[in-house]
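>>> My questions are about this predicted structure, shown below with the sequence.
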Amino acid sequence: MHKKLLVIDDDAQYFRIVEARLKKAGFNEVVLALSGKEGIICIKEYKPEIVIVDTQMPEMDGFETCKQIKELESSSVRGVILITGEIETIDPSRAREVGVDEYCVKSLDCESLLKAIKRVIS
């Protein structure tokens, strides 16, 4: 699958797990941004189609990051997926309000993330 993915997460160790799983699933272009601010810059330069954003990050949380992604004028982003350690922390109406297309719980097997990506690209 030739889709560019950007993961915005301050946990580089989790990213390495996600990157390996996504590459195994056929996504060969996966990039990491360690903060929301870095992610916005990366979107402009890297032009990903799917952006995966962690809810809890220092400086700018996932909700604010998603809002700023959707406000970008000429964006290549087709879908934004919000990931969280605890699904109860996601307010579905707030998530939709800031432009989230899908959301799921963070897991080491990445199954829920892969399903969310498939829903976004189909």
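Structure received.

>>> Go through stretch 69-76 and flag the buried ones.
Neighbour-count burial for stretch 69-76 flags 69, 75 (criterion: 16 or more other CB atoms under 10 Å). For the C-beta atoms, the positions are set from N, CA and C on the backbone; glycine is no exception.

>>> likewise stretch 75-91?
Using 16+ other CB under 10 Å as the test for burial, stretch 75-91 gives 75, 77, 79, 80, 81, 82, 83, 84, 90.

>>> Then stretch 102-121?
By neighbour count with 16+ other CB under 10 Å, stretch 102-121 contains the buried residues 102, 103, 104, 105, 106, 110, 112, 113, 114, 116, 117, 120.

>>> Could you report the separation of the last one from residue 5?
As for residue 120, its distance to residue 5 is 10 Å (criterion: CB to CB, to the nearest Å).

>>> now the helix or strand bottoming out on mean pLDDT in the chain, how far from the centre of its chain.
The helix or strand of the chain with the poorest confidence is helix 92-97; it has a mean of 87 (mean pLDDT, DSSP states H and E). Between the centre of helix 92-97 and the centre of its chain there are 15 Å (CA atoms, centre = their mean, to the nearest Å).

>>> before we move on, what about stretch 113-122?
Stretch 113-122 has its C-alpha centroid displaced from the chain centroid by 11 Å (CA atoms, centre = their mean).

>>> what's next to it, contact-wise?
Stretch 113-122 is contacted by residues 3, 5, 18, 21-22, 25, 27, 49-50, 52, 78-79, 81, 83, 101-104, 106-107 when judged by CB atoms under 8 Å, 6 or more residues apart in numbering.

>>> center of the protein - which residue?
The centre of the chain sits closest to residue 52, judged by CA atoms, centre = their mean, with a distance of 0.6 Å.
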